[in-house]
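Novice: Task: produce atomic coordinates for the following.
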Amino acid sequence: MGKNAAKGVTGKEIWIDGEWVDWDQANVHILTHTLHYGLGVFEGIRCYAGVDGRSSVFRLPEHIQRLFDSAKINLMEIPFSQDELAEVTLESLRRNDLAEGYIRPLAFIGDGAMGLHPGDNPVRVAVIAWEWGSYLGDEGVERGIRAKISTFARHHVNAKMTNGKTCGDYVNSILAKREALLDGFDEAIMLDTQGLVSECTGENIFVVRNGKIKTPPLYSVLDGITRDSMIEVARRCGYVVEESQITRDDLYVADEIFLTGTAAEVTPIREVDYRTIGEGKRGPVSEELQKAFFDIVTGKDARYDRWRSFL
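Specialist: Take a look at the predicted model:
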């Protein structure tokens, strides 16, 4: 899979509850409620070095808005404004000397009362930035990855609201991811409780067939910001993009499949359940949209500079 740059994560400073602290001093009490019960929300955001010599964060306002939406879904009130957290995100990159990197805002419930109801425990907030390369490996981005259909279903829409990035929800993804890796694959594709294609463990999925692009509707998948971006870009490139149900066998006979996400960016799938997808390599549509994505985030395509927040 190539180097996973998240291993050995380190940096200089972390922002927590309004203060900058040394990296190794950003600690919490062992009775932190979120640690025990999983009720917290987070975002994944990327910063890219631009061809113009300027670094910028991709779609920062939308990510911060989604963090607050996730908190509202979970009855959590973040004690900072969106503008404050947006500025902290940019400052976290400056303080850690990162021209490029990954940023993780995290809102969690602190220590105090135990038991399922958090009572008056404080909602705490941290912002962490670190260096992170290709999530699914450089080879995967260029050649495509191997995926399997997971035995674990994606959360039912009313068992746990699927449009919030809730910490505990990702146990579902972890189980699917570990299963896939143990079986020799790079990633897992998860079906919803009706047996329809939902998403991968941390990415949205797109299927290309006869020049048309399809992606599952939002009711069972996270409203991915990269997903939204690539739908707009693909349509601008002249492709028909439909948000519609996708079956398991739709994957097997696809001409191309690609994933989108902040960490995964735009990554092709070359094989699903031992079935070769298309020609078994990155297809022309995936390659075109992948190039378009990197042109946008690095400022080479200035038409989308409205999506860049500069350091």
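
Novice: where's the helix or strand of the chain with the lowest mean pLDDT relative to the chain centroid, distance-wise?
Specialist: None of the helices or strands of the chain scores lower by mean pLDDT, DSSP states H and E than helix 138-143, at a mean of 79. In terms of CA atoms, centre = their mean, to the nearest Å, the centre of helix 138-143 is found 18 Å from the chain centre.

Novice: just for the stretch 151-300 of the chain, where's the confidence low?
Specialist: For the stretch 151-300 of the chain, no stretch is flagged by pLDDT under 70.

Novice: what about the helices in it?
Specialist: For the stretch 151-300 of the chain, the helices defined by DSSP state H, counting those that start in this stretch occupy 170-182, 225-236, 248-252, 284-297.

Novice: would you turn the ones you listed into JSON lines with distance to residue 154 and mean neighbour count?
Specialist: C-beta: built from backbone N, CA, C; applies to glycine. What follows is the helices of the stretch 151-300 of the chain, written out as JSON lines (distance: least, CB to CB, whole Å; neighbours: other CB atoms under 10 Å):
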{"stretch": "helix 170-182", "distance to residue 154": "7", "mean neighbour count": "16"}
{"stretch": "helix 225-236", "distance to residue 154": "15", "mean neighbour count": "19"}
{"stretch": "helix 248-252", "distance to residue 154": "13", "mean neighbour count": "15"}
{"stretch": "helix 284-297", "distance to residue 154": "23", "mean neighbour count": "19"}
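
Novice: Of the ones you listed, which is nearest residue 276?
Specialist: Checking the helices of the stretch 151-300 of the chain against residue 276 by CB to CB gives helix 248-252 as the closest, at 9.4 Å.

Novice: what helices or strands is that closest one leaning on?
Specialist: strand 197-200, strand 204-209 (3 or more CB pairs under 8 Å, 6 or more residues apart in numbering; DSSP states H and E).

Novice: Show me the one of the ones you listed that comes nearest residue 263.
Specialist: It's strand 197-200; of those, that one is closest to residue 263 (CB to CB) at 11.0 Å.

Novice: Quick check: neighbours of that closest one in the sheet, parallel or antiparallel?
Specialist: Counting by DSSP bridges, the strands paired with strand 197-200 are strand 187-191 (antiparallel).

Novice: For the partner strand, which outside residues touch it?
Specialist: Applying CB atoms under 8 Å, 6 or more residues apart in numbering, the contact partners of strand 187-191 are 136, 145-150, 152-154, 172-173, 176-177, 179-180, 197-201, 203, 205, 248, 251, 259, 269, 272.

Novice: Let me know the angle separating it from strand 204-209.
Specialist: For strand 187-191 against strand 204-209, the angle by axes from the mean of the first three to the mean of the last three CA atoms, to 10 degrees is 80 degrees.

Novice: quick one: strand 187-191 to helix 170-182, angle?
Specialist: Using the same axes, to 10 degrees: strand 187-191 against helix 170-182 is 130 degrees.

Novice: chain center to strand 187-191: distance?
Specialist: Per CA atoms, centre = their mean, the displacement of strand 187-191 from the mean C-alpha position of its chain is 15 Å.

Novice: With stretch 80-90 instead?
Specialist: 19 Å.

Novice: Only whichever of the contacts of strand 187-191 are buried, select them in PyMOL.
Specialist: Per 16 or more other CB atoms under 10 Å, the buried members of the contacts of strand 187-191 correspond to this PyMOL selection:
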select buried, resi 136+145+146+147+148+149+150+152+153+154+172+173+176+177+179+180+197+198+199+200+201+203+205+251+259+269+272
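
Novice: Using CSV, list the CA coordinates for the least confident helix or strand of the chain.
Specialist: Listed next in CSV are the C-alpha coordinates belonging to helix 138-143 (Å, rounded to 0.1, in the frame of the first residue of the first chain):
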residue,chain,number,x,y,z
ASP,A,138,1.0,6.5,-3.8
GLU,A,139,0.7,3.3,-5.9
GLY,A,140,-3.0,3.1,-5.2
VAL,A,141,-3.6,6.6,-6.3
GLU,A,142,-1.8,5.9,-9.6
ARG,A,143,-2.7,2.3,-10.3
